[in-house]
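Trainee: how would this look folded up:
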Amino acid sequence: MEYLRTNNLKTAILSFQEALKIYDKDPAIYNEIGVIQYKSKLYEESRDTLLKGLELCIDRNSATYETLAKNLAHTYRKLQYSYKLDTYFVLEIMIMQYNSMNDPYELIQRIHQRTRLLDSRIT
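Mentor: Residues are numbered from 1 along each chain as shown. Next up is the predicted model:
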């Protein structure tokens with residue numbers, strides 16, 4: 001983590017690849033590798049790595065899942081996959097706001113507003 005924080009991407013990727021050899025079922029490791037690939041402008045590799053991390057997430061309400069979805073949305077934005085961006089951005093919003101609302105209709109309204117905002121930015 002320190003290597004990533006100091007932007008030493010080559011050393012950071014080596015460290016996380018070693019961590020994967022020890023335990024390859026940790027979605028947080030895939031998130032960190034995906035972020036390194038994103039920062040290295042390897043967007044397709046980042047997408048694949050982040051998707052693998054999402055597959056490994058058992059709890060869809062976890063902070064790890066939310067972080068992976070958010071990073072995947074950024075990756076899709078760089079790849080200019082607007083239809084995928086909509087899906088993951090809305091998913092991110094749902095996860096972030098679900099626990100803080102008592103009224104499910106309020107959640108639907110916010111998702112609709114964000115989706116309209118996205119549509120206006122993409123087109």
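Trainee: Only the C-alpha atoms, please, for the helix or strand containing Lys10, written as CSV.
Mentor: Using DSSP states H and E, Lys10 maps to helix 9-22. Extracted in CSV, the C-alpha atoms of helix 9-22 (Å, rounded to 0.1, in the frame of the first residue of the first chain):
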residue,chain,number,x,y,z
LEU,A,9,3.7,1.6,-9.4
LYS,A,10,6.2,-1.0,-10.5
THR,A,11,7.1,-2.0,-6.9
ALA,A,12,3.4,-1.8,-5.9
ILE,A,13,2.3,-4.2,-8.6
LEU,A,14,5.0,-6.7,-7.7
SER,A,15,3.9,-6.6,-4.1
PHE,A,16,0.3,-7.1,-4.9
GLN,A,17,1.1,-9.9,-7.3
GLU,A,18,3.0,-11.6,-4.5
ALA,A,19,-0.1,-11.2,-2.3
LEU,A,20,-2.2,-12.9,-5.0
LYS,A,21,0.2,-15.9,-4.9
ILE,A,22,-0.5,-16.2,-1.2
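Trainee: Would you mark the buried spots in that helix?
Mentor: Neighbour-count burial for helix 9-22 flags 12-13, 15-16 (criterion: 16 or more other C-beta atoms under 10 Å). C-beta coordinates here come from the backbone N, C-alpha and C atoms, glycine included.
Trainee: which residues sit against it?
Mentor: Under the contact criterion C-beta atoms under 8 Å, 6 or more residues apart in numbering, helix 9-22 has outside partners 3-4, 26, 29-30, 32-33, 36-37, 39-40.
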